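In: Build the 3D model from these lines:
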Amino acid sequence: MRSLFAVAMLSGAFSLLSALLFVTLDAVDVAFTEAAVGAGISTVLMLGTMALTARFERHASHSPALPLFVVTLTGAAIIYGTLDMPNFGDPAAPVHQHVAPEYFERSPHEIGVPNVVTGILASYRGYDTMGETAVVFSAGVGVMLLLSGLRRRKRKGDPDEDTQNKGGKA
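Out: Residues are numbered from 1 along each chain as shown. Modelled structure (predicted):
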């Protein structure tokens with residue numbers, strides 16, 4: 001697609017559908033994060049950026065060989081890094097031998113939440129989750145500050161605005 005508005009809207013709709021999928025899988029915490037970050041702030045930031053840029057993507061003036069090489073190299077590194085991982089669902093995997101059994105045993109009695117993942121994120125790792133939320137919020141504020149700076153610069157460089165200001169003073 002060349003229309004950046006359509007890309008932003010489709011991205012937001014995909015994030016909402018992903019959030020609904022996470023709700024049906026009883027991962028309410030992940031669904032909330034996907035809805036807030038993926039559909040909410042990301043869509044708003046993309047639309048805000050579009051207000052400062054063109055509505056349509058420009059055709060690339062350079063060869064896509066270097067980006068394709070970087071993506072291929074990164075993908076190969078990620079695949080190589082996953083070769084040592086245990087098989088999906090393997091009960092003998094290290095994650096299932098140490099901390100997880102203790103969480104499964106203690107969390108229904110200590111917290112009373114039926115979803116163990118939500119209980120862990122909300123109770124045992126509450127400070128960590130709060131820190132992650134603070135980081136996402138800070139990133140959003142930083143992007144909004146950058147966008148407001150671009151808007152001010154764009155206004156200062158507008159010749160129509162300069163002539164209107166000079167005409168009003170005379």
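In: Tell me where the chain is predicted with low confidence.
Out: 1, 150-170 (pLDDT under 70).
In: Try it again at 50.
Out: Applying pLDDT under 50 to the chain flags residues 160-170.
In: Tell me the buried residues in the longest helix anywhere in it?
Out: Counting residues, the longest helix found in the chain (DSSP state H) is helix 126-156. Applying a neighbour-count criterion of 16 or more other Cβ atoms under 10 Å, one finds 129, 140, 143 buried in helix 126-156. Every residue, glycine included, has its C-beta placed from N, CA and C.
In: What sits closest to the second one if chain neighbours are left out?
Out: Closest residue in space to Gly140, ignoring its immediate chain neighbours: Ile41 at 5.1 Å, by Cβ to Cβ, 6 or more residues apart in numbering.
In: tally of neighbours for that neighbour?
Out: Per other Cβ atoms under 10 Å, the neighbour tally for Ile41 reads 16.
In: can you list the domains in this structure?
Out: Domain assignment for the chain, taken from automatic domain parsing, gives 1-58, 93-136.
In: mind giving me a markdown table with those domains and columns for distance to Ala77?
Out: Below are these laid out as a markdown table (distance: least, Cβ to Cβ, whole Å):
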| stretch | distance to Ala77 |
| --- | --- |
| domain 1-58 | 25 |
| domain 93-136 | 22 |
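In: these two touch, right, Thr43 and Phe14?
Out: No. Between Thr43 and Phe14 there is no contact under Cβ atoms under 8 Å: 10.3 Å.
In: Comparing those two, which residue is more hemmed in?
Out: The residue with more neighbours, out of Thr43 and Phe14, is Thr43; 18 against 13, by other Cβ under 10 Å.
In: Comparing the domains of the chain, which stretch has the densest surroundings?
Out: Ranked by mean neighbour count, these are led by domain 1-58 with a mean of 15 (mean count of other Cβ atoms under 10 Å).
In: May I have the distance across stretch 105-121, first residue to last?
Out: End-to-end span of stretch 105-121 (Cα to Cα, to the nearest Å): 16 Å.
In: and if you look at stretch 58-65?
Out: End-to-end distance of stretch 58-65 (Cα to Cα): 18 Å.
In: Ala13 should be in a strand, yeah?
Out: No. Going by DSSP: H, G, I helix; E, B strand; the rest coil, the assignment for Ala13 is helix, not a strand.
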